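Asks: quick one, fold the following:
(chains A and B)
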Amino acid sequence: MEKRVFFKGWWLPALLVAPQLLISFVFFFYPSGQAIWNSLFLPDPFGLKTEFVGLDNFRFLLSDPYYLASFKTTIIFSTAVSVSSMALGLYLAALADRLIKGAGVYQTLLIWPYAIAPAIAGVLWLFMFNGNIGLASYYLKALGYEWNHTLKGDQAMFLVILASSWGRISYNFLFFLAGLQAIPKSIIEAAAIDGASFWKRFGTIVIPLLSPITFFLLVVNIVYAFFDTFGVIHTITSGGPEQSTTILVYKVFSDGFVSQDLGSSAAQSVILLVLVGILTVIQFKYIERKVHY
Amino acid sequence: MVEKKKSGYWLTHLGLILGVLFIFFPVWLTFVASTVTQDAIIQPPLPMIPGAEFFENYANALFRGAPEGYGARVPVMQMMINSAIMAVGITVGKIVISLLSAFAFVYFRFPFRNLCFWLIFITLMLPVEVRIVPTYEVVANLNLLNSYTGLIFPLIASATATFLFRQFFMTIPDEMVEAARMDGCSPMRFFIDILVPISKTNIAALFVILFIFGWNQYLWPLLMTTDPDMQTIVMAIDSMIPTGDDFAHWPTIMATAMLAMVPPVIVVISMQKFFVKGLLESDK
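Replies: Next up, the predicted model:
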């Protein structure tokens, strides 16, 4: 798609794109290039000189049990966050879509948590589950269940999943509601006249028609769980206990800034870069398909 | 709707209300905790109704900091101002550079246009978290640590807004440009007097999304700012949370958490129409 009519001249457009190109070069291309370059070197412990090691950093990472464990943690974490927040978002959207009046009110009541920073969401849930003063841990104790997410890895994982999914429900709700409202009511009514029950209609008509939006949300939520949840992890667990909640992006941060292991951190950045690249390509493939549709 | 059974109607509302309660509950608890005394918090369970210390706790959080305990005596007023500057800076910066470059891509033919487009397109792919270490080095080498410039500019380097404006400009009828050119309108005149005014709704939609994105930045300000006067409220909350069994003044922490949430939530609710539009369009 191109415009037929346009202005002439080349120095004005060059001037117009210059700010964005400049910022992209300084803060995007140069640092990304540095990450790739650094991933091929190993600095000595005193940071005086670096040695070219080729792909050794990657070889080391892929045989490092901690890194592989972090991979597994990330997969469990992002699957749990995506699936639970999408399921709840779809559930609430399906209910709101049933209403003739009032869907708008519920939309207002449900979407504002989108504005809450992941780090703040982490603080809210940390406060509820704090071992000494938290309301949730108090009642769990009263029921005879010992809650201590600072010592128990599975509880820590549960808490970061809960806090990350909670803030994400509103996003998924909004997209599913838009998707549901786009389904022509006549199709649903025709099925109802033919005697299909609510669940039958939901399973055979609504779900298939929602599949493009579901796929889109899945990709976006995985990207969210990979990167944006850094704040949740940092405030609630700092990756602990014993690295049980160290997701990949947290490991880039803790190896690069806390342990100062720059070669490994750069190699991890490159691996993440490839992963995001794949996710982005998948997402654009989807958009393309939608455009041609 | 298809069926009109009374029981189904009430069950629908019940289900939605349960969802709303689940969403509200943690925030309600935080609000309650920000209005009671320290004693009411350290002896669980926490009451469910707000206490009488609202003004005391919020005045402490804003101007004096916590009276005692971990991370005490750090007021957050300056941090809120910093957050606002960062959020508005990112929002305005991104919208301005995107409008300019989208205008160039749609309304001009110039050498290396495709290459430029491709270069900007590729920045869509990487969140700042991935290239965090080298980006930090760049900013440190430019002497931009602990500065608003350093907080704002690295986060402007992304192409989402450019694409949104490009798509929108494509839908504007060619007759507009033809008429403008016939009347002897220069490109910049066309941009300022015609293109920007008709993009109002899109600008408002992007404003909401980008303001939230900017206000909620966490990792970048955490690395960038060592000077307490440059910290933002979202990152500062982390330094108030006690680790292990340290003693902390919870009412002040919770008041700070509320203060960190309120501005973006107000923006979302007051500009809900634009927010929904921006969200549904900008991610696609």
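Asks: what helix or strand is residue 20 located in?
Replies: This is for chain A. helix A:11-24 (DSSP states H and E).
Asks: switch to chain B, please.
Replies: Using DSSP H and E, B:V20 falls in helix B:6-33.
Asks: so does that helix get close to chain A?
Replies: Yes: Helix B:6-33 reaches chain A (Cβ under 8 Å from any Cβ of the partner chain) through B:8, B:12-13, B:15-16, B:19-20, B:22-24, B:26-27, B:29-30, B:33. Placement of C-beta: from N, CA and C, glycine included.
Asks: tell me the mean pLDDT for that helix?
Replies: For helix B:6-33, mean pLDDT is 89.
Asks: hmm, back to that, which parts of the helix holding A:Q20 are buried?
Replies: Neighbour counts over helix A:11-24 (16 or more other Cβ atoms under 10 Å in any protein chain shown) mark A:12-14, A:16-17, A:19-21, A:23-24 as buried.
Asks: tell me the first helix or strand C-terminal of that helix.
Replies: Next along from helix A:11-24, by DSSP H and E: helix A:30-38.
Asks: and that following helix, how far out from the chain's middle?
Replies: Relative to its chain's centre, helix A:30-38 lies at 24 Å (Cα atoms, centre = their mean, to the nearest Å).
Asks: hmm, who's touching that helix?
Replies: A:262-263, A:266, A:269-270, A:273, B:126, B:130-131, B:133-135, B:137-138 (Cβ atoms under 8 Å, 6 or more residues apart in numbering or on different chains).
Asks: which stretches of chain B have low pLDDT?
Replies: B:1-6, B:71-72, B:125-126, B:243-246, B:282-284 (pLDDT under 70).
Asks: longest helix anywhere in it?
Replies: Identified as the longest helix of chain B according to DSSP state H is helix B:77-107.
Asks: how many residues are close by A:K200?
Replies: 13 (other Cβ atoms under 10 Å in any protein chain shown).
Asks: let me redo that: A:F176
Replies: A:F176 has 23 neighbours, counted by other Cβ under 10 Å.
Asks: where does the stretch 1-150 of chain A have low pLDDT?
Replies: Looking at the stretch 1-150 of chain A by pLDDT under 70, you get A:1-2, A:4, A:44-48.
Asks: spatially central residue for chain A, please.
Replies: A:Y224 (1.4 Å; Cα atoms, centre = their mean).
Asks: likewise chain B?
Replies: Central residue of chain B (Cα atoms, centre = their mean): B:I212, at 1.7 Å.
Asks: look up how far A:I236 lies from the residue lying closest to the residue nearest to the centre of chain A once chain neighbours are set aside.
Replies: Closest residue to A:Y224 apart from its sequence neighbours, by Cβ to Cβ, 6 or more residues apart in numbering or on different chains: A:R168 at 6.5 Å. Relative to A:I236, A:R168 is positioned 15 Å away (Cβ to Cβ, to the nearest Å).
Asks: and A:V281, by the same measure?
Replies: In this view, A:V281 and A:I236 are 32 Å apart by Cβ to Cβ.
Asks: neighbour count: the two, which is higher?
Replies: More crowded of A:V281 and A:I236, by other Cβ under 10 Å: A:I236, with 26 against 11.
Asks: and the longest helix of chain B, how far out from the chain's middle?
Replies: 11 Å.
Asks: after that helix, which helix or strand is next? Please name it.
Replies: Per DSSP H and E, the helix or strand that comes after helix B:77-107 is helix B:113-122.
Asks: and that next one, does that touch chain A?
Replies: Yes: Helix B:113-122 comes into contact with chain A (Cβ under 8 Å from any Cβ), by way of B:113, B:116, B:119-120.
Asks: nearest to B:A59 among those?
Replies: Distance to B:A59 across the residues of helix B:113-122 next to chain A (Cβ to Cβ) is lowest for B:I120, with 46.7 Å.
Asks: the closest one against B:A104, yeah?
Replies: No: taking contacts as Cβ atoms under 8 Å, B:I120 lies outside contact range of B:A104: 10.5 Å.
Asks: what sits against the residue nearest to the centre of chain A?
Replies: A:81-82, A:168.
Asks: please report how far B:V268 lies from A:G167.
Replies: 12 Å.
Asks: shared neighbours, these two?
Replies: With Cβ under 8 Å, 6+ apart as the test, B:V268 and A:G167 both reach A:Y114.
Asks: following element in sequence after the helix ranked longest in chain A, please.
Replies: For chain A, the helix that runs over the most residues, judged by DSSP H, is helix A:65-98. Next helix or strand after helix A:65-98 toward the C-terminus (DSSP H and E): helix A:103-111.
Asks: from the chain's centroid, how far away is that following helix?
Replies: Averaging C-alpha positions (Cα atoms, centre = their mean) puts helix A:103-111 23 Å from its chain's average.
Asks: that one vs helix A:65-98, what angle?
Replies: Helix A:103-111 and helix A:65-98 are oriented at 160 degrees to each other (axes from the mean of the first three to the mean of the last three Cα atoms, to 10 degrees).
Asks: all strands in chain A, in order from the N-terminus.
Replies: A:41-43, A:50-52 (DSSP state E).
Asks: and A:P184, which of those strands is closest to it?
Replies: strand A:41-43 (58.9 Å).
Asks: any residue of that closest one up close to chain B?
Replies: No: for strand A:41-43, no contact with chain B is found by Cβ under 8 Å from any Cβ; the gap never falls below 12.1 Å.
Asks: can you spell out which helices and strands pack onto that strand?
Replies: Where contact means 3 or more Cβ pairs under 8 Å, 6 or more residues apart in numbering or on different chains; DSSP states H and E, strand A:41-43 is packed against strand A:50-52, helix A:56-62, helix A:262-292.
Asks: what residues of the first one count as buried?
Replies: Same thing as strand A:50-52. In strand A:50-52, counting by 16+ other Cβ under 10 Å, buried: nothing.
Asks: likewise for the second one?
Replies: Across helix A:56-62, burial judged by 16+ other Cβ under 10 Å covers A:56-58, A:61.
Asks: mind putting the residues you listed in a markdown table, distance to B:V88 included?
Replies: Formatted as a markdown table, the buried residues of helix A:56-62 follow (distance: Cβ to Cβ, whole Å):
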| residue | distance to B:V88 |
| --- | --- |
| A:D56 | 45 |
| A:N57 | 40 |
| A:F58 | 41 |
| A:L61 | 40 |
